[in-house]
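1. I need the structure of the sequence given here:
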Amino acid sequence: MSLEVARKALERYHDVEVDADGALTFAHGGVLCVVQGTELEEGLPVLNLTCVVAWDLPVSADPATDVPTRVALGVGEGLFGTPRVVRGEKGWDVTLRYAFPAAGLAEGPMGTLLMLVVSSASSMRTELVGG
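-> Residues are numbered from 1 along each chain as shown. From the prediction side, this is the model:
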């Protein structure tokens, strides 16, 4: 039910694909996003939005360009979501993740909440990789 509301809300702004497992995927400003749903216990549906902000960013010893340092200091800082930086095979990969209880959220408020997170991810991407 919550994923259906999220799908309708996101379709106001994006082309949304529904994966075989029910997850919703879409892209916003170069950021790849997926929304997954689960029910932690009866009556407590939770949605998890994961945004892949950037990948294979160069490793640098200079604090001004070091990706983990820039993320820790608040690059693209928003009010919603937790950034994560992981060292991949070709450099730094950055994600932004936000999980929230979705019970009772109507389409409008759901869209607002999701777009706040996605906008933060896009801002972070712009600051990390440029326009």
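2. Look up phi and psi at A103.
-> Per-residue torsions, A103: phi -60, psi 130 (degrees, to the nearest 10).
3. Wait, D15 touches F26, no?
-> Yes: taking Cβ atoms under 8 Å as the definition, D15 is a contact partner of F26 at 6.4 Å. Glycine gets a C-beta too; all of them are placed from N, C-alpha and C.
4. Could you check which of those two has the larger neighbour count?
-> Taking neighbours as other Cβ atoms under 10 Å, D15 and F26 compare with F26 leading, 19 against 9.
5. tell me the contacts of the residue nearest to that one when sequence neighbours are not counted?
-> The spatially closest residue to F26, leaving aside those adjacent along the chain, is H14, at 4.1 Å (Cβ to Cβ, 6 or more residues apart in numbering). The contact partners of H14, by Cβ atoms under 8 Å, 6 or more residues apart in numbering, come to 26-28.
6. and of those residues, the nearest to L40?
-> F26 (24.2 Å; Cβ to Cβ).
7. unless I'm mixing things up, the closest one is touching D19, no?
-> No: look at F26 against D19 with Cβ under 8 Å: they stay out of range, at 11.1 Å.
8. now the contacts of H14 in TSV, with secondary structure?
-> Below are the contacts of H14 laid out as TSV (DSSP: H, G, I helix; E, B strand; the rest coil):
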residue	secondary structure
F26	strand
A27	strand
H28	strand
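9. Can you tell me which of those residues lies closest to L105?
-> Out of those, the member with the shortest distance to L105 (by Cβ to Cβ) is F26, at 17.9 Å.
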